[in-house]
Each structure stands twice: as structure tokens, then as C-alpha cells.
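A structural model of the following input is requested.
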Amino acid sequence: MMKFRNYEEYSRHFSKLIQLEREEEMKQHREEIEKLSGEKREKLGRAVLHLNGKDVGRGLGGSYLVKFGRKSFPETEISIGDLVIVSRGKPKKDDPQGTVVEKGKNFLIVAFDKKPPRWVYGRELRLDLYANDITFQRMLEALKVFKREEFSKIRGVILGGKSPSFRPLRSKIEFLNKDLNPSQKMAVKRSLEAQELFLIHGPPGTGKTTTLVESIIQHVRKGYKVLAAADSNVAVDNLVEKLAGYGIKVVRIGNPARVSKSLLEHTLDYLVQYEESFKKSEEIWEKIDKLREEQRKYTKPTPQWRRGLSDEQIKSLARSGRSSRGVPLRRLQEMARWLELQERINALVKKARALEMNAVSKILDSAQVVCSTNSTAGSEILFGRKFDVVFIDEATQAVEPSCLIPITKGKKIVMAGDHKQLPPTILSEKAKPLEYTLFERLLDVYGENIKELLRVQYRMNEKIMEFPNKEFYGGLLMAHPSVARHTLEDFNLKLSGLEDADEWLKKSLTPAQPVSFIDTFGKCRERKRRGSTSWENPGEARIVEEIVRKLLEIGLKAEHIGVITPYDDQVDVLRRKLGKIDGLEIKSVDGYQGREKEVIVISFVRSNDRGEIGFLKDLRRLNVAITRAKRKLIMVGDSKTLSNNGVYRRLIEHVKDMGGYVDFS
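Numbers count the residues shown, from 1 in each chain. Model (predicted):
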């Protein structure tokens, strides 16, 4: 849906999609927990077995921290922010759930809101990835909040019924970054003129974040309070690093364990330690712990023991030395003592939290820019806090309700992204409309006037840029002179190592030729593993292996080479062949978005008589894959299968025209 008639329609549309996606994520985890053994789930990276639990104190807000570790820790995709279930073997519904707050080499630290049962501090425990429910809850909360009258102006723009307005600047901009090109300067200027909303369209390598940072600084110079957000922690760290480099007073909120080590000094958790009120709160939490320890000695007034007696009745009977309803006096006195301690604990918790919030407020008040992920912008730390301008990087990789979380904190929005690259990943087929991002929708509603295209790219040799530029960006991009003609010839490679190579390999690795397509038609067939929905192509994998090993042999460093393939099973095949090479990255297209390498080798995998190319049809995937390379792009694929799609056909023709086509034989 492009436009919405009213807010009720908007809210209904997105609430339904969020719930569908949440249900699908939970369902997938539940099904897997039930179907697979713990060992199999551990192999998939979604569980860790044979753990020992250890109490490691308290977290911010009084949460209970438990460290789960073992000597040889498996590779796991469980990471900070994930919801996990702790069990004694086979997870049950009522097993404790917590949030991962720290990940080390041989351990995970999990925070529990309530005190976990004693067995959690024992041996032979299991942790299972469940979901990240917090983000879904915050999206739904943002939809409720956005209904308020204070958002009527920006809401009108977002619903699609009120065109964004611009007001010309009265004074000239003094740019802090002297290296900005004209399109970057124009983007900054127009972002300052925008009254409600502006979009910065940054194709690959065009310095989108650099431009966004300059815009943030210019808004700060005007005295505006800024919130800068992005969907991923990596993107937020990137903003923090660049802003701090310019001397901006920046505070990064979110879990410190998800923050790059070099930026820890800018985190709220680090800064708060030096506030007097926070030090006092820590002392109070220690008192609370001692009181809780004492409380364990007494009988808790559970329904079994209180037998309908209220708290006041228990205390009164204990004082007067009388028993009642068959409850012995000693038991009543213990319960009264328990209640008395609980009252003291409650009062101290209130006091500790107030002192913590006081310290947090002091730091946030003094910050020029607050940085967080979209989701963390909805945390209680920013509750009730307002900003003049909200900046969202990676806006085309975030679903619209995720962007709404930071949007409800501000009056004006500046977003940066590229809708020609990959959209956010959606698990539920029914929730697929979430792939249509706010950035793209607003562009469709209001047209080019609300955006500025960054036109100079600083990554690719101009020959690598040529095809995506023509196909996806209307031929409007140009390569900066510093990269336009850079090739592998700039490296001191031992080219004598190519002399004994097969002709196809020699031709595809020619340093002066920036783009090669190795045609495997009729020689390498795709195949499917039993029970898998993915594809693999062992023949193509062998070709990629030969290319990589030859590049290393002639002197290229492994960290300069990237291997990309759209299919997870092919990633697995390639990792088995090349995974032991230190520094070599082998990933799916989704894993490479935002990355770059001197040389990129792509395996397209699909090769069949039906001309089926599956999700390669999503051309944004192709765009991401072919725009990661700086000096050399090598593609391996079946020309006949791929050419059933017009864009792939044009790509292969384009490589033929530039002399980079290689017949594999």
C-alpha cells in the first residue's frame, strides 16, 4: 500500500503485518526445538548444550545476570539482544526466558527480569535461541504513540497526504568535511532546508554515511538536539565513530557488548559509572541483595501458607502473638518478617532506579547527538525524551514500523539508504509487504523532489560500475578519479605464477581486465540436498576454489578476496573447500551488503534446462553482489540458464563487449 486514507488504516495495516512476522519467527523456533535434538540445534548454531551457570551479579535496572559457559564453546548465532530459553535438557514452556547481554569466547551472559530458579546456577544446562520479542513490542508501541496530536504534521507526510515542505537557507553553509563532492553538499543543504522529511539516496560506494554525518553536524551547529539511528549495531557504531572523530559530544545507548570495543567510552553504560548518583545506586543494589539473602531464611506468604490472610492481617497477628486459620504462630512471624523485608526492598529499588535515571538524564541532557539502533530508541532510557531531528541510516534495510520507533522521538526526519539494494529480510510469506520500506514508499508517493542522489562513487573501477550504473541508477553515477582506473596491476603480483595455468584461468585473472564472466554452460549442474530448500553447484565451487587459490599463489592477501553466492548450501560447499584460509570471507549476498573487497568472486549456482533462476530474479540481489568489488569482479555462471532473464542476458552481453567473457573448458 502506497498511501493511507487515515491513521486507523495505517495502524491496522502494520499491526497485522508485525504480528504475522512475530508469529512466524516464534513458530520457526518452536518447531525446530520440538523437531530437532539438542545436538542438531547446536550444530545449526541455535542452541548450546552442556553449560554451567554462574551468578555474576546484577545489571542496570536490577536484572539478574547469569554466566553460562563451558570449555570448548561451539560456533553459535545466538547473540546479544536475543531472547533465549534456559532448560535442563528439553525446553519446556515455563522454563525461564532471558536476554543475552554479553557474548565471550567461551560464555554467554543472560539477564533475567525475575530471579531465576536455583537450578539455573547448576550444571548440564541448555540455552536455546527463541526470538527477539522486544523489537516487535516496541514497533507496536510506536504505532500507538504515533497517533498522538504532537505528530500530526509528520504523520500527514508519512501517510502520504501532505507533501514535505522546504524553506531556503538564509546563510551559506560552512562544511566541516572539505572533501565532500557537489552532490553530497547538495544533499546536506537540502536536508537543512527540509521542514518535515528528506531522503538521501546513496548508491554503493557513494559516501552515504559520510554525507549523513555532515548533515548531522550542520544540524547540531544550529543548536538542534539529534537522535541518530540505524537498524544494525554496525551501522550505529559507524555513525558514532565518525561523529566522535569530529569532536561531537555523542552518547551511544544500547548494550555495551554489542558495541565495538574502541567506542566503549562513548556508551551510556560507560559514562554513567562516573556519575555520583549512579555510584550511590550501586551501593543500594548491594543492600538489596543482602536483604534478599536474609529474606530467603523466612517463609514467603504464598497462598498455601497465608490461607486467605491479607498482608496487614499477617503482620497484626504476628505482633499480637496469635495464630489463626491453622497457621502456626512461628510461621506467621516468619511471613511478617518476610513482608517487612519486602517493603524495605521495594523502597530501596525505587530509590536505586531514581538515582540511576538521574545519572542517565544528566548524560543524555549534555549530549549533542544520541545514537542507537531503531529498536533501542524505544527503550525506557529515552522514554519521554524528544529530539529536534531524527536521522536514520540504512533506512532501506529496516521495515517501516522499525523506523517508526525513532521517528516518534522527533519533529523532523532525514533518512539515508538505497532502495535498489536488498530490502529487509521477512520470514513470513503473509508479511512480505513489509519488504516495501518507508524510504521507497515515500519516494513513490512524492517523487524525486524529496531526495538527493549521491552521484560520485569511491569504490569501483569504472568498468565494474558501468553495468549497475546503466541498469539500476539511470547512468547518473560517475567513478571518482582516485578509483576510476584502479586494477590489480596496482598490486605487486607474481604474474609468472599464471604462466602454467589453464587458459580459462589465465584469461579470467588478467589484472588489467576488471570484469570477467566464466561461462559454465553444459559443464556444471546445480543440485539439491535431500530435505533442503537451497541449491548447490559443486562444479562451480571447484572453479571458485581454483580462482581463489591461484590469486593467493600470485601474492594477493586473503583479506582482499571475497566470495559471494546467493545460496546457503553453496556457501556451505565453498566453506568446506576454502574455510581454513584465514581472512577469506565466504558469505551469501545478504551477508555482504555494505561490505567491499579488492576482488569479488561470485558463484551464481543455477544451471538447469528449465531456465529457472529462482530468487536470483530479485535484481537487488544482483546489484549488491556485483557492486562489492573494487578492482576485480569475477562471475561464474551458466549463461544459458541466466540469460532467460533479460537483465542477466544484458550483463553477459556487456561483459562480452568489454572482452571479459571466458568459456570454461
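
all helices of the stretch 551-665 of the chain, in order?
Using DSSP state H, counting those that start in this stretch, the helices found in the stretch 551-665 of the chain span residues 568-578, 589-592, 619-626, 639-642, 646-657.

grab the nearest non-local neighbour of the residue nearest the centre of the chain.
Nearest residue to the geometric centre of the chain (C-alpha atoms, centre = their mean): residue 232, 2.9 Å. With sequence-adjacent residues excluded and distances taken as C-beta to C-beta, 6 or more residues apart in numbering, residue 232 is closest to residue 394, at 6.3 Å. (Each C-beta comes from the backbone N, C-alpha and C, glycine too.)

one more: residue 600?
Per C-beta to C-beta, 6+ apart, closest to residue 600 is residue 629, 3.8 Å.

now the helices of the stretch 551-665 of the chain as a markdown table including mean neighbour count, distance to residue 522 and mean pLDDT?
Formatted as a markdown table, those follow (neighbours: other C-beta atoms under 10 Å; distance: least, C-beta to C-beta, whole Å; pLDDT from 0 to 100):
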| stretch | mean neighbour count | distance to residue 522 | mean pLDDT |
| --- | --- | --- | --- |
| helix 568-578 | 19 | 19 | 96 |
| helix 589-592 | 18 | 25 | 89 |
| helix 619-626 | 22 | 23 | 97 |
| helix 639-642 | 22 | 8 | 98 |
| helix 646-657 | 16 | 15 | 98 |
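
so which of these is nearest residue 604?
Of all those, the one in closest proximity to residue 604, counting by C-beta to C-beta, is helix 639-642 (6.2 Å).

so how far is residue 396 from the residue nearest to residue 600?
Applying C-beta to C-beta, to the nearest Å, the value for residue 629 to residue 396 is 21 Å.

that older thread, any idea how far residue 596 is from the residue nearest to residue 600?
According to C-beta to C-beta, residue 629 stands 8 Å off from residue 596.

how about residue 64?
42 Å.

quick one: list the elements packing against the longest helix along the chain.
In the chain, taking DSSP state H as the definition, the longest helix is helix 329-366. Applying 3 or more C-beta pairs under 8 Å, 6 or more residues apart in numbering; DSSP states H and E, we find helix 329-366 packed against helix 268-272, helix 276-295, helix 303-306, helix 311-320.

show me how far the last one is from its chain's centre.
For helix 311-320, the separation from the chain centroid amounts to 54 Å (computed by C-alpha atoms, centre = their mean, to the nearest Å).

can you tell me which helices and strands it packs against?
Contact here means 3+ C-beta pairs under 8 Å, 6+ apart; on that basis helix 311-320 packs against helix 329-366.

immediately after the helix it packs on, which helix or strand?
Downstream of helix 329-366, the first helix or strand assigned by DSSP states H and E is strand 369-373.

between the next helix or strand after that following strand and strand 369-373, how many degrees?
Sequence order places strand 387-393 as the next helix or strand after strand 369-373, per DSSP H and E. Orientation of strand 387-393 against strand 369-373 (axes from the mean of the first three to the mean of the last three C-alpha atoms, to 10 degrees) gives an angle of 40 degrees.

hmm, who's touching whatever helix or strand comes next after strand 387-393?
From strand 387-393 onward toward the C-terminus, using DSSP H and E, the following helix or strand is helix 400-407. With contact meaning C-beta atoms under 8 Å, 6 or more residues apart in numbering, helix 400-407 is reached by 14, 17-18, 135, 138-140, 142-143, 146, 154, 158, 227, 229, 231, 372, 374-375, 377-378, 390, 392, 395, 413, 415, 424, 434, 436-438, 441.

tell me the mean pLDDT over helix 400-407?
Per-region confidence: helix 400-407 scores 98 on mean pLDDT.

what about this structure, any weak spots by pLDDT?
Along the chain, segments meeting pLDDT under 70 span 60, 132, 257-258.
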